[in-house]
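Peer 1: Build me a model:
(one chain, ligands or ions: 1)
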Amino acid sequence: MAKTALITGSSRGIGAAIALRLAKDGYNIALNDISEASFENNTILEDCRAFGVEAEYYIADVSKYADCEVMVKAVKARFGTIDALVNNAGITRDGLLARMPEEQYDLVIAVNQKSVFNMIKLVGGGVMLRQKSGRIVNLASVAGLYGNPGQINYSASKAAIIGMTKTAAKELGSRGITVNAVAPGFIHTPMTDKLTEEQKAAMLGQIAMKRYGEVSEISGVVSFLLSDDASYVTGQTIEISGGIMM
Ligand code: NAP
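Peer 2: Residues are numbered from 1 along each chain as shown. Purely as a prediction, here's the structure:
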């Protein structure tokens with residue numbers, strides 16, 4: 001039976017690239033995004049199915065536990081198992097610490113960090129525990145490892161994900177479930193298109209490889225972490241940044 005992968009925030013950007021790569025790897029695909037509109041003007045669902053696998057999309061705000069509960073139940077009912085979970089959904093709401101409104105901090109923590117709790121609890125601590133198998137990859141960021149001016153909320157959420165990855169790996173490891181994270185640097189997506197030219201030039205200066213990353217360079221590492229080749233890798237955060245800090 002084909003394995004099933006659930007990827008949050010996967011209508012575009014890195015999440016869509018991961019979904020396509022996992023479809024190519026032979027997984028049935030459960031896509032997710034916050035609104036129906038996210039799937040209206042793209043072909044991601046058909047593109048996944050073109051690999052000969054089954055694919056559906058599920059609308060859920062992953063910052064809300066109740067939404068996640070409904071989605072996980074629906075995916076389990078549709079596909080029978082959830083073998084791989086990729087916690088990819090994330091947002092930025094940048095601003096300097098001194099001027100950041102409390103709501104802006106809370107929103108980023110809810111979408112980026114609480115969502116990981118919701119999904120790891122329901123899928124890792126629920127479906128996968130019962131299956132006694134599963135693979136989870138969380139999207140962290142170099143901002144969570146090294147900090148980044150203007151991203152107090154985002155870097156807090158991403159640093160938390162690295163700690164959550166280790167804790168979940170320790171709790172779930174004896175049941176055959178691995179939990180890892182990837183920490184991308186600067187990757188070409190709609191999220192980074194929003195940065196100013198000045199911010200982009202400053203980032204480039206710090207990158208050893210002197211270029212930005214492509215989404216396929218994230219999805220390849222995620223595919224590896226979900227594969228049998230990574231069966232003894234857990235609790236790790238792999239930086240995919242072209243060499244920002246070494
Ligand atoms: P993106 O292009 O903005 O895509 C993020 C996706 O998540 C969007 O489809 C978005 O939907 C969805 N989403 C947002 N809030 C959601 C919610 N509450 N529930 C469900 N889905 C939600 O971002 P990306 O660049 O591909 O980033 C993907 C992940 O990689 C994020 O966790 C990000 O922090 C991380 N990352 C990215 C970079 C980079 O350079 N791009 C670097 C480091 C880490 P809407 O469009 O409808 O809002």
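
Peer 1: any idea which helix or strand comes after the worst-scoring helix or strand of the chain on mean pLDDT?
Peer 2: None of the helices or strands of the chain scores lower by mean pLDDT, DSSP states H and E than helix 190-193, at a mean of 81. Sequence-wise, the next helix or strand downstream of helix 190-193 (DSSP states H and E) is helix 197-206.

Peer 1: if we can go back for a sec, just the buried residues of the least confident helix or strand of the chain, please?
Peer 2: residue 192 (16 or more other CB atoms under 10 Å). C-beta coordinates here come from the backbone N, C-alpha and C atoms, glycine included.

Peer 1: What would it look like as CSV? C-alpha coordinates only.
Peer 2: What follows is helix 190-193, C-alpha atoms only, in CSV (Å, rounded to 0.1, in the frame of the first residue of the first chain):
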residue,chain,number,x,y,z
PRO,A,190,6.6,34.4,-2.1
MET,A,191,7.6,34.7,1.6
THR,A,192,11.1,36.1,0.7
ASP,A,193,9.9,38.1,-2.3
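
Peer 1: ok, residues contacting it?
Peer 2: Applying CB atoms under 8 Å, 6 or more residues apart in numbering, the contact partners of helix 190-193 are 12-13, 90-92, 186, 200, 212.

Peer 1: So for the residue sitting nearest the centre point of the chain, what pLDDT did the model give?
Peer 2: Geometric centre of the chain, nearest residue: residue 88, 1.8 Å, by CA atoms, centre = their mean. Looking at residue 88, its pLDDT is 98.

Peer 1: Tell me how many other residues surround the closest residue to it other than its chain neighbours.
Peer 2: Excluding the flanking residues, the one nearest residue 88 by CB to CB, 6 or more residues apart in numbering is residue 15, at 4.0 Å. Residue 15 has 27 neighbouring residues, counting by other CB atoms under 10 Å.

Peer 1: ok, residue 15 touching residue 6?
Peer 2: No - Residue 15 is not in contact with residue 6 according to CB atoms under 8 Å; the separation is 10.8 Å.

Peer 1: residues bridging contact with these two, i.e. touching both?
Peer 2: Counting by CB under 8 Å, 6+ apart, the residues touching both residue 15 and residue 6 are residue 86.

Peer 1: how much space between the residue nearest to residue 194 when sequence neighbours are not counted and residue 195?
Peer 2: Spatially, and ignoring its direct neighbours in sequence, residue 194 is nearest to residue 92 (7.5 Å; CB to CB, 6+ apart). Computed as CB to CB, to the nearest Å, the residue 92 to residue 195 distance reads 9 Å.
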